[in-house]
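In: Could you work out the structure for the sequence below:
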Amino acid sequence: MWYWLFKYVLLGPLLYLMGRPKIEGAENIPSDGPAILASNHQAVLDSFFLPLMVRRRITFLAKSEYFTGTGFKGGFQRWFFSAVGQVPIDRTSADAAQDALNAGVRVLGQGKLLGIYPEGTRSPDGRLYKGKTGMARLALETGVKVIPVAMIGTDKMNPIGSKMWRPAKITVKIGEPIDFSRFEGMGGNRFVERTVTDEVMYALMQLSGQEYVDIYAATLKKKDAASEKAGPQKAVEGGASGTNAPATADADRLPDTQAG
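Out: You can find the predicted model right below:
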């Protein structure tokens, strides 16, 4: 009940007013049955506008920190994410990957739409980063199609580091479903999983128009955090990556256009 109240009464009208959102390719989302919605991740608002613009309910695998906070803020987060039916995942445990896979299988087994951010975290600078293979493992195990989704403009409405929203035009682009049934029975093969992941990331790059960077976003964030801790001079000497600096020697490599 809370999911629909937030969508149509409590939060949706404000999002429509500030974001003037539109959706392209809505016909690519099936009217029923399971599917994986694989989206780029520009801002926290991605998880608000995607459910707002898609008619069917979407379940996201949310980090467990949203459910374990204390005080008023922690209590509100716990209530909010529980109320809208999100599934907590402990990303720090030794079995985190398997727990996430099991949770995703359960959601898809119930015929639902599962929202996933293949990059694993928000983009630190607006570029599209290397996808993690958990999405591929899930698609190969369940046999469901992967639907690429590009969120455009959410980083303008909710810039990195900002706590206030600002008006911006939001566009949600839904790509054509990608069928990986040709790889049936090949789950667990890391080369196949990487190929599947790269095909999805290539589709996201085409939909979003983002520059692709062939490293994990989390890796870049750790490098930048270490550089800041070491001090400005150390960061310069060590070639710390910024928004205008190449993050790696292979930063311009594009994912394969299609899994062979």
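
In: Strands along the chain, start to end?
Out: Taking DSSP state E to define them, one finds strands in the chain at 22-24, 35-39, 58-63, 87-89, 113-116, 128-129, 146-152, 171-174, 212-213.

In: tilt between the third one and strand 146-152?
Out: Spelled out, that is strand 58-63. Using axes from the mean of the first three to the mean of the last three CA atoms, to 10 degrees, the inter-axis angle of strand 58-63 relative to strand 146-152 is 80 degrees.

In: Nearest residue to the middle of this structure?
Out: When CA atoms, centre = their mean is applied to the chain, the residue found nearest the centroid is Tyr117 (1.9 Å).

In: quick one, what contacts that one?
Out: Ala38, Ser39, Asn40, His41, Asp46 (CB atoms under 8 Å, 6 or more residues apart in numbering). From N, CA and C alone the C-beta is placed, and that goes for glycine too.

In: how about 6 Å then?
Out: Tyr117 makes contacts with Ser39, His41, as judged by CB atoms under 6 Å, 6 or more residues apart in numbering.

In: Quick check: the gap between it and Pro177.
Out: As judged by CB to CB, to the nearest Å, Tyr117 and Pro177 stand 18 Å apart.

In: Leu138 now?
Out: 15 Å.

In: ok, those two, which is more surrounded?
Out: Leu138 (25 against 16; other CB atoms under 10 Å).

In: Setting aside sequence neighbours, what's the nearest residue to that one?
Out: Gly104 (4.6 Å; CB to CB, 6 or more residues apart in numbering).

In: and that neighbour, what pLDDT?
Out: Gly104 is assigned 93 on the pLDDT scale.

In: thought it was touching Arg137?
Out: No. Gly104 sits out of contact with Arg137 when judged by CB atoms under 6 Å, with a separation of 8.9 Å.

In: From start to finish, how long is stretch 123-136 in a straight line?
Out: Taking CA to CA, to the nearest Å as the measure, stretch 123-136 stretches 20 Å from start to finish.

In: If you could redo that for stretch 19-33, that was the one I meant.
Out: Start-to-end, stretch 19-33 (CA to CA) is 29 Å.

In: contact partners of that stretch?
Out: Phe49, Met53, Gly111, Met157, Lys169, Ile170, Thr171, Val172, Lys173, Ile174, Glu176.

In: Just put these in JSON lines and tack on neighbour count.
Out: As requested, these are exported to JSON lines (neighbours: other CB atoms under 10 Å):
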{"residue": "Phe49", "neighbour count": "25"}
{"residue": "Met53", "neighbour count": "23"}
{"residue": "Gly111", "neighbour count": "11"}
{"residue": "Met157", "neighbour count": "23"}
{"residue": "Lys169", "neighbour count": "12"}
{"residue": "Ile170", "neighbour count": "26"}
{"residue": "Thr171", "neighbour count": "18"}
{"residue": "Val172", "neighbour count": "24"}
{"residue": "Lys173", "neighbour count": "22"}
{"residue": "Ile174", "neighbour count": "22"}
{"residue": "Glu176", "neighbour count": "13"}
